[in-house]
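**Student:** the sequence and its predicted three-dimensional model are supplied below.
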Amino acid sequence: MSNVNSSGLGNFIKQARKKRGLTQEQLCFGLCDISTLSRIERGITTPQNYLRNAILERLGYYFERERESFWESGSPELTRHKRIMSIAVAQKDITMMEKLVAELENEKEFKNGIGLQFLQNSKVAVSIFKESEYERFDFDETLKLLYEAISVTIPNFDRSKIREYMLTGEEMRSINLLCGIYYRQNDYENALDVIVALKDNIEKHCVNLHDISMYYSTILSNVADLHFQLKQYDKCISASEMCRNFCVEHYEYGKVPELLYMLGQCFFETGKLEEAKNVLYDAYHVSRAFCRQEYFEDIANYYFETFGCKINLHNAICKRPTEYETEHVKEYQKEYETDDGTGERINRLLAVTRNDTVTAKELMQRLKLSSKSNFTYRYLRPAIEAGLIEMTIPDNPRSRRQKYRAT
C-alpha cells in the first residue's frame with residue numbers, strides 16, 4: 001500500500017479551507033477535534049481514510065477528481081460496506097440490507113463516529129424500504145433514529161439550515177433519507193422542502209457536479225417526482241427536463257426511462273397532447289432499449305388508456321430516431337441486457353487484465369467500451385476500491401505513464 005503524501009494533503013486542506021473562509025473549528029466540527037485537524041494541515045498526522053474523505057467532502061471535493069491526488073490503494077471496511085449497502089439500496093434488496101446491518105452492529109468500527117452514523121443511516125434505509133402487511137411504518141421512531149444519525153457529526157441539526165451546512169457524503173445520505181421518511185409517510189411537501197434544500201446545498205458547495213453525477217441526478221429525479229406527486233405539473237416538467245439534460249450530458253441514462261414517462265404524463269395533464277405523445281414514444285423506445293419491462297409495459301398501458309390506441313413501435317418509433325440513440329446508450333443497453341452488477345463488471349475487468357500491466361485505453365479496448373466515464377466510474381474505480389486492481393504510479397494517478405495490474 002502506498003503512503004499518502006501527508007504534507008501535500010495537509011496543505012491542500014488548509015488552502016481549500018481558507019479559500020472557503022472556514023475556521024478549523026467549522027471544518028472539523030463533529031468529525032475530529034481542532035488539534036487533530038491542525039496536525040493534519042501541518043503534515044504531522046496522516047488521517048485515516050474515512051476522516052480524510054469526510055474532510056475533503058466538506059470542502060466540496062467528492063469522490064475522485066481532486067482527492068485522488070492523495071489516493072491509497074486498498075479499501076477500508078467502511079468504504080467496502082458503503083458500496084455493498086449502496087448496491088442493496090439501489091436494488092431494494094431488503095434481505096441484503098438487513099444482513100449487513102446485523103453484521104455491522106457487532107463491529108467496533110461502527111460503534112461511534114462516522115461508522116455509527118453509517119450504521120444508523122442503514123437502519124433508517126431498511127425501515128423506509130421495508131414493506132410488510134405485518135409491520136406498520138413507524139414514522140416517529142424512524143425520524144428519531146435519523147436525527148440521531150445526523151447528530152453524530154452535526155449536533156443540534158437544524159433542518160432550516162440544510163443549504164448552509166458543509167456536508168460530508170454520509171451527511172448528505174442522512175438528509176436524503178430524511179426526505180425518504182417524509183415520502184414514505186406521503187408528506188410530499190416536507191419531502192420536497194428537504195430535497196430542494198439538499199439540491200441547493202450541492203450546487204453551492206460541490207466543486208464539480210460530474211464527480212457526483214449519479215447522486216446528483218438522483219436528487220434531481222426525486223425533485224421532479226415530488227412535484228409530480230403534488231400535481232405541480234409545470235414545475236415537474238421543468239425539473240424533469242433539467243434532470244434529463246443532466247443525465248444525457250453525464251451518461252446517467254438509467255434514469256431516462258422513468259423521467260420521460262413522468263414528463264409525458266405531465267404534458268398530457270397540462271393539455272399538451274402532441275408533446276405527450278412524442279415524449280411517451282421516446283419513453284417507450286428507451287425503456288425497451290434498456291429492457292426495462294416494468295416501464296415499457298406501464299407506458300404502453302397508459303398510452304392506450306389515454307389516447308385509445310396502441311403505440312405502434314415499427315411505424316411510429318423506428319422511423320423517428322431519438323436523441324438517445326448514441327454509442328453511450330448502446331453500451332449501457334448491453335450492460336442492462338446482461339444484467340451486470342458492480343461485481344460482474346469487476347470480474348470482466350479482471351478477466352481482460354489477466355497478468356498484464358496495461359493502460360486504461362488498452363483495458364477499454366479489451367472490454368470493447370467507448371465511454372471513458374463509464375469505464376472509469378463503473379469498472380476501474382470500484383476495482384481499485386476493492387483492492388483488486390492497483391496503479392503502477394499510485395502517487396500520481398493522472399500520470400501519462402499510468403498503468404494498471406491485478407493485485
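**Tutor:** Yes, it's here.
**Student:** show me where the stretch 51-200 of the chain has helices.
**Tutor:** Assigned by DSSP state H, counting those that start in this stretch, the stretch 51-200 of the chain shows helices spanning 77-90, 94-104, 113-129, 139-151, 169-184, 188-205.
**Student:** wait, doesn't Q117 sit right on F157?
**Tutor:** No. Counting by Cβ atoms under 8 Å, Q117 stays clear of F157, with 11.6 Å between them. Where C-beta positions appear, they are placed from N, C-alpha and C, glycine not excepted.
**Student:** when these two are compared, which one has more neighbours?
**Tutor:** Between Q117 and F157, counting by other Cβ atoms under 10 Å, Q117 is the more crowded of the two (25 against 21).
**Student:** what's the closest non-adjacent residue to the more buried one?
**Tutor:** In this structure, Q117 finds its nearest non-sequential neighbour in V152, 4.2 Å apart by Cβ to Cβ, 6 or more residues apart in numbering.
**Student:** sorry, back to before: shared neighbours, Q117 and F157?
**Tutor:** The contact sets of Q117 and F157 overlap at I150 (Cβ atoms under 8 Å, 6 or more residues apart in numbering).
**Student:** after the helix or strand bottoming out on mean pLDDT in the chain, next one along is what?
**Tutor:** Comparing helices and strands within the chain by mean pLDDT, DSSP states H and E singles out helix 327-338 as the least confident, with a mean of 50. Later in the chain than helix 327-338, the nearest helix or strand by DSSP states H and E is helix 342-353.
**Student:** can you list the buried residues in that following helix?
**Tutor:** Neighbour-count burial for helix 342-353, counted by 16 or more other Cβ atoms under 10 Å, picks out 342, 345-346, 348-349, 352-353.
**Student:** I'd like these laid out as a markdown table, including distance to E305 and pLDDT.
**Tutor:** Output for the buried residues of helix 342-353, formatted as a markdown table (distance: Cβ to Cβ, whole Å; pLDDT from 0 to 100):
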| residue | distance to E305 | pLDDT |
| --- | --- | --- |
| T342 | 38 | 60 |
| R345 | 38 | 76 |
| I346 | 43 | 78 |
| R348 | 41 | 82 |
| L349 | 45 | 86 |
| V352 | 47 | 87 |
| T353 | 50 | 86 |
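**Student:** as a check, name the ranges of all strands in the stretch 251-400 of the chain.
**Tutor:** Remark: strands assigned in the stretch 251-400 of the chain by DSSP state E, counting those that start in this stretch are 389-391.
**Student:** where do the helices of it begin and end?
**Tutor:** So, for the stretch 251-400 of the chain - with DSSP H, counting those that start in this stretch - the helices run 256-269, 273-289, 293-307, 327-338, 342-353, 360-367, 372-375, 381-385.
**Student:** what's the most buried one of those?
**Tutor:** For the helices of the stretch 251-400 of the chain, average neighbour numbers computed from mean count of other Cβ atoms under 10 Å are highest in helix 256-269, which has a mean of 23.
**Student:** distance from the chain centre to it, please.
**Tutor:** Taking Cα atoms, centre = their mean, to the nearest Å, the mean C-alpha location of helix 256-269 is offset from the chain mean by 22 Å.
**Student:** next one: stretch 31-48
**Tutor:** Between the centre of stretch 31-48 and the centre of its chain there are 28 Å (Cα atoms, centre = their mean).
**Student:** let me see the mean pLDDT of it.
**Tutor:** The average pLDDT within stretch 31-48 is 88.
**Student:** what's the answer for stretch 383-398, then?
**Tutor:** Stretch 383-398 shows a mean pLDDT of 79.
**Student:** may I see the buried residues of that stretch?
**Tutor:** For stretch 383-398, by 16+ other Cβ under 10 Å, it's 383-386, 388-391, 394.
**Student:** and Q15, how many neighbours?
**Tutor:** Neighbour tally, Q15, other Cβ under 10 Å: 12.
**Student:** low-confidence ranges in the stretch 151-300 of the chain?
**Tutor:** Within the stretch 151-300 of the chain, the stretches with pLDDT under 70 are 290-294.
**Student:** now with 80, please.
**Tutor:** For the stretch 151-300 of the chain, applying pLDDT under 80 flags the ranges 211, 251-254, 288-296.
**Student:** domain map for this structure?
**Tutor:** Taking automatic domain parsing as the reference, the chain has its domains at 6-70, 75-207, 340-406.
**Student:** adding distance to C243, write these out as a markdown table.
**Tutor:** Shown next, in a markdown table, are the domains of the chain (distance: least, Cβ to Cβ, whole Å):
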| stretch | distance to C243 |
| --- | --- |
| domain 6-70 | 19 |
| domain 75-207 | 10 |
| domain 340-406 | 18 |
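**Student:** of those, which is nearest Y303?
**Tutor:** Evaluated over the domains of the chain, closeness to Y303 peaks at domain 75-207, with 25.7 Å, by Cβ to Cβ.
**Student:** off-centre distance for the closest one?
**Tutor:** The chain centre lies 13 Å from the centre of domain 75-207; the measure is Cα atoms, centre = their mean.
**Student:** ok, stretch 201-213 next?
**Tutor:** With Cα atoms, centre = their mean, you get 12 Å for stretch 201-213.
**Student:** R17 against C28, yeah?
**Tutor:** No. In this structure R17 lies outside contact range of C28 using Cβ under 8 Å: 9.4 Å.
**Student:** number of nearby residues for the residue nearest to Q117?
**Tutor:** Look at V152: counted by other Cβ under 10 Å, it has 23 neighbours.
**Student:** count the neighbours of K111 for me.
**Tutor:** Other residues near K111 number 12, with proximity taken as other Cβ under 10 Å.
**Student:** how far away is the residue nearest the centre of the chain from C247?
**Tutor:** For the chain, the residue nearest the mean C-alpha position is Y215 (2.9 Å; Cα atoms, centre = their mean). In this view, Y215 and C247 are 12 Å apart by Cβ to Cβ, to the nearest Å.
**Student:** if we can go back for a sec, looking at the helices of the stretch 51-200 of the chain, which is closest to L367?
**Tutor:** For L367, the closest of the helices of the stretch 51-200 of the chain is helix 77-90, at 20.3 Å, according to Cβ to Cβ.
**Student:** just to revisit the earlier point, need the helices of the stretch 251-400 of the chain in a markdown table (columns: distance to L59).
**Tutor:** What follows is those, written out as a markdown table (distance: least, Cβ to Cβ, whole Å):
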| stretch | distance to L59 |
| --- | --- |
| helix 256-269 | 31 |
| helix 273-289 | 37 |
| helix 293-307 | 38 |
| helix 327-338 | 31 |
| helix 342-353 | 27 |
| helix 360-367 | 27 |
| helix 372-375 | 23 |
| helix 381-385 | 20 |
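**Student:** before I go, just wanted to say thanks for your time.
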